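> Have a look at this prediction, sequence included:
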Amino acid sequence: MEGRKRGKVLSNLYFEACTMDSTDLIRLLQIRIVAYAHATEDETNVLEAVKNLVPTSLQGGVQPKTRRLEGHFGNPITVLEFEFSGEDQGNQILENIAKRLGKGEKRALAMAFHRHVGSDGSLYLRFDKQEAFLGRLKLETSDPIHVRIKFALEAKPGQDVVDSLRKTCERVGLLG
């Protein structure tokens, strides 16, 4: 397999990032999406914003776990949590995000990629709620929709986990 390049294989959640001398096998395990609906926000609109991250084919089954919290000043906050496990759902969501993310956002993500990768091999993305509600994906840090994409990294000893994950994300089209 050395020297051969292989693209993404969306049907089984395995992505191969191949180079001339190494192969890293990265498997997507789970996607978790969390959004907060504050007292000034319509919970239905926040739900719609999250649904815009998910492909149309999966939107019918999007039902959040909800938790009610109380803010510092007694204001109600609703936490909407979504968990997608399984090969098919995870790939569809990742592909949808990659397809809908603009070139500028992909470049920004590529430049700061190391800051989006956790020590557990997860990719952390934050999207602007208002932009997502309008059907556009824009990276944001203030009051965002939180997305955690958990990968099972099976890299060879001595290989850089962040570099392996970067190659995978490039192949999927998430980085520009």
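Received, thanks. Numbering: from 1, shown residues only.

> Which secondary structure elements does the lengthiest strand in the chain sit against?
The longest strand of the chain (DSSP state E) is strand 23-38. Where contact means 3 or more C-beta pairs under 8 Å, 6 or more residues apart in numbering; DSSP states H and E, strand 23-38 is packed against strand 14-18, helix 43-51, strand 76-85, helix 87-100, strand 144-154, helix 161-172. No exception for glycine: its C-beta is placed from N, CA and C like everyone else's.

> what is the mean pLDDT for that strand?
On average, the pLDDT along strand 23-38 is 83.

> for this structure, which spans come out with low pLDDT?
Applying pLDDT under 70 to the chain flags the ranges 1-25, 154-159.

> doesn't residue 44 make contact with residue 80?
No: with contact defined as C-beta atoms under 8 Å, residue 80 does not reach residue 44; the gap is 10.6 Å.

> Just want to know which of these two has more residues nearby.
residue 80 (21 against 9; other C-beta atoms under 10 Å).

> ok so, going back, can I get the helices and strands packed on strand 23-38 in TSV with distance to residue 131?
Below are these laid out as TSV (distance: least, C-beta to C-beta, whole Å):
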stretch	distance to residue 131
strand 14-18	27
helix 43-51	8
strand 76-85	17
helix 87-100	11
strand 144-154	10
helix 161-172	21
